[in-house]
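A.B. asks: my questions are about this predicted structure, shown below with the sequence.
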Amino acid sequence: MALYYSICYSLKEVTIILPYNFPQVPQEISLGIFIFLYNITTTRRIHMFIEQSDHIEVTIYYKKSGAHYIAYNKKDFESKVKEESRAKFATVTLQMKPLTWGLYNNINEAAVIRTLNGDRDWNYKLYKENKLKTIITRWDAKRKNEKGDLVPVPVNQEAIMNMAPEIAEIALSEYDAVMSLDEDESTATIK
């Protein structure tokens, strides 16, 4: 004797047949296995599309050193910077939108340039600039105004292009780590 479970999603019906005593386990466990299989199939379908409400949050630790900046992601900051030196660092938290197929294509197309021969060539520098300008949606960056008060810096192309290169590179690295298949290497989070 077998139990027949049918579920309907995406206008398709799926029938999962489990033996009544799947192999000699109570009906409740068989039902649990069915629910597990159902969740796997629906979860895979849901994650194919990127929700616009999702964002990636990256925190960068930095300090000015001469004319340059020293910048770390959270993992490197905690492992490489001694406890007594951590107070010298400031933080900036960036919120970035996930890369969809449309954004990916727009960023890549904006990085295409015409050579002197009239050929099309892809420019990596333009790609990184366009990617940063496109994906950063919010941050908690501040700078001093003429009175010396710290004021929020609006997110715009000019402000993004004035970021310290060390901070921009960490932001891109962390973003790419979260967007890759292996999220374990990143300290950024998807919210």
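C.D. replies: Yep, it's here. All of these numbers come straight from a predicted model, not from anything done at the bench.
A.B. asks: switch to C-alpha atoms for all contacts and neighbour counts from now on
C.D. replies: OK.
A.B. asks: what's Tyr104 sitting at in phi/psi?
C.D. replies: phi -60, psi -50 (degrees, to the nearest 10).
A.B. asks: how close does it sit to Gln157?
C.D. replies: 18 Å (Cα to Cα, to the nearest Å).
A.B. asks: what does Tyr62 give?
C.D. replies: Distance of Tyr62 to Gln157, computed by Cα to Cα: 21 Å.
A.B. asks: looking at those two, which is more packed in?
C.D. replies: Neighbour count, other Cα atoms under 10 Å: between Tyr62 and Gln157, Tyr62 has more, with 21 against 14.
A.B. asks: how long is stretch 115-122 end to end?
C.D. replies: 10 Å.
A.B. asks: any chance you could list what contacts it?
C.D. replies: Under the criterion Cα atoms under 8 Å, 6 or more residues apart in numbering, residues Asn108, Ala111, Val112, Ile113, Arg114 lie in contact with stretch 115-122.
A.B. asks: a markdown table please, covering these and showing distance to Tyr175 and neighbour count.
C.D. replies: Listed next are those as a markdown table, based on distance: Cα to Cα, whole Å; neighbours: other Cα atoms under 10 Å:
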| residue | distance to Tyr175 | neighbour count |
| --- | --- | --- |
| Asn108 | 16 | 17 |
| Ala111 | 19 | 19 |
| Val112 | 22 | 16 |
| Ile113 | 25 | 14 |
| Arg114 | 29 | 11 |
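A.B. asks: show me which of those residues is closest to Gln95.
C.D. replies: Among those, Asn108 lies closest to Gln95 (Cα to Cα), at 21.1 Å.
A.B. asks: other residues contacting the helix or strand containing the closest one?
C.D. replies: Using DSSP states H and E, Asn108 sits in helix 101-110. Helix 101-110 has contacts (Cα under 8 Å, 6+ apart) with Trp122, Leu126, Tyr127, Asn130, Lys131, Thr134.
A.B. asks: which SSE is the second one in?
C.D. replies: Secondary-structure assignment from DSSP H and E places Leu126 in helix 124-135.
A.B. asks: packing partners for that helix?
C.D. replies: On a contact count with 3 or more Cα pairs under 8 Å, 6 or more residues apart in numbering; DSSP states H and E, helix 124-135 meets helix 101-110, helix 157-161, helix 165-179.
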